[in-house]
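*Asks:* Need coordinates for the below:
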Amino acid sequence: MAGIVGTHLVAQVGFIVKDVEAAKKKWAEFLGLEIPPTQPIGAYETTQTVYQGQPAPEAYCWMAFFDVGPGLQLELIQPNDKPSTWRSFLDEHGEGIHHVAFQVKDSKACVARAEAAGLKLVQHGVYGDGSGEYNYLDAPDLKCVVELLESYNR
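*Replies:* Numbers count the residues shown, from 1 in each chain. As a prediction, the model looks like this:
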């Protein structure tokens, strides 16, 4: 059974943090892994971030990724102070688990099915390198945000 988004395999767990540099050092020590580089989300000209249905050119974050298993990442996200799902989460809940992500094909169809099931698209955009897209859906019944990731074939 594939469920609403076509997969049950978790690809990523994302954490919102106040300081990505400090958080990645703590996680690296805990996991026994190298400290990963910090990556900016990228320029709005590429990301085309939309938050709450409106263009969000000032929404920005810094990220660090840990590969922790076959097909599974931990993502640390430090938002700037402009409106975004990341900033909203930090302001409302403090640091902590923000999302559970799934790698999907045909994200538009997956988003439509998720919305039909009661989830609400709150933010979406293109990866900073243009190789894919992300879609954040508010999922109150699941007690988190669900992220749908789609990597484009090049």
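*Asks:* alpha carbons only for contacts and neighbour counts from here, please
*Replies:* Will do.
*Asks:* where does this structure dip in pLDDT?
*Replies:* Within the chain, the stretches with pLDDT under 70 are 1, 154.
*Asks:* all helices for it, in order.
*Replies:* Assigned by DSSP state H, the helices in the chain fall at 20-31, 44-47, 85-93, 107-116.
*Asks:* And the shortest one, what's buried?
*Replies:* I take that to be helix 44-47. 44, 47 (16 or more other C-alpha atoms under 10 Å).
*Asks:* any idea how far residue 119 is from the nearest residue in space to residue 48 that is not next to it in sequence?
*Replies:* Once flanking residues are discounted, residue 48 sits nearest to residue 125: 5.4 Å by C-alpha to C-alpha, 6 or more residues apart in numbering. Distance, residue 125 to residue 119, using C-alpha to C-alpha, to the nearest Å: 17 Å.
*Asks:* coming back round to it: in CSV, list the helices of the chain along with distance to residue 65.
*Replies:* Formatted as CSV, the helices of the chain follow (distance: least, C-alpha to C-alpha, whole Å):
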stretch, distance to residue 65
helix 20-31, 8
helix 44-47, 18
helix 85-93, 16
helix 107-116, 22
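*Asks:* Can you say which of those helices is nearest to residue 66?
*Replies:* Among the helices of the chain, helix 20-31 comes nearest to residue 66, with 8.2 Å by C-alpha to C-alpha.
*Asks:* what comes up buried for the closest one?
*Replies:* Applying a neighbour-count criterion of 16+ other C-alpha under 10 Å, the buried positions in helix 20-31 are 20-21, 23-24, 27.
*Asks:* what does it contact?
*Replies:* 17, 34-36, 38, 62-64, 76-78 (C-alpha atoms under 8 Å, 6 or more residues apart in numbering).
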